[in-house]
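**Student:** next one to model:
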Amino acid sequence: MYSSPAGAAFSERFLGLPAKEEHAYSTASLLEEVNKLKDENFLILHGTADARVHFQHSAELLSRLVKVEANYSLQLYPDEGHTLRAPRSIQHLQRTLVNYLHSCLQNSYLLQPEEEEEEEEEDY
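**Tutor:** Residues are numbered from 1 along each chain as shown. Got it, this is the predicted structure:
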């Protein structure tokens, strides 16, 4: 079930042993609930040298997102772990996050309060 001792230790620390805590692991996993997320936008970031979250776990999530035709963007960071260390990777991550958030918010309902204020002014 686990591909690395570090990943197993991390999960077992919070969830217990998989053999004894099967319910905790199934509850913590969103793999069976991916269909509820198909109308959302996802940005998935993964360092290929991550010892906590093995790439196979991300690949399984991606496979299920594709199956339900979910919209996602994937950004891989070669030779980076769970925490990015290389300055260029960190800069790239920051640009990626800003661009992603900008694209999500540019047509968001969060930008609509100005329209509501205009409607309220017309009522007086």
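**Student:** leaving out chain neighbours, which residue sits closest to the residue positioned nearest the centre of the chain?
**Tutor:** By CA atoms, centre = their mean, the chain has its centre lying nearest to Ile44, at 4.6 Å. The spatial neighbour of Ile44 that comes closest, neighbours along the chain excluded (CB to CB, 6 or more residues apart in numbering), is Leu74 at 4.9 Å. The way it works is simple: take the backbone N, C-alpha and C, and place the C-beta from them, glycine included.
**Student:** determine the longest helix present in the protein.
**Tutor:** Determined from DSSP state H, the single longest helix within the chain is helix 87-105.
**Student:** by contact count, what packs against that one?
**Tutor:** Packing partners of helix 87-105 (3 or more CB pairs under 8 Å, 6 or more residues apart in numbering; DSSP states H and E): strand 41-47, strand 71-77.
**Student:** now render those as JSON lines, adding distance to Arg13 and mean pLDDT.
**Tutor:** Output for these, formatted as JSON lines (distance: least, CB to CB, whole Å; pLDDT from 0 to 100):
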{"stretch": "strand 41-47", "distance to Arg13": "20", "mean pLDDT": "95"}
{"stretch": "strand 71-77", "distance to Arg13": "25", "mean pLDDT": "96"}
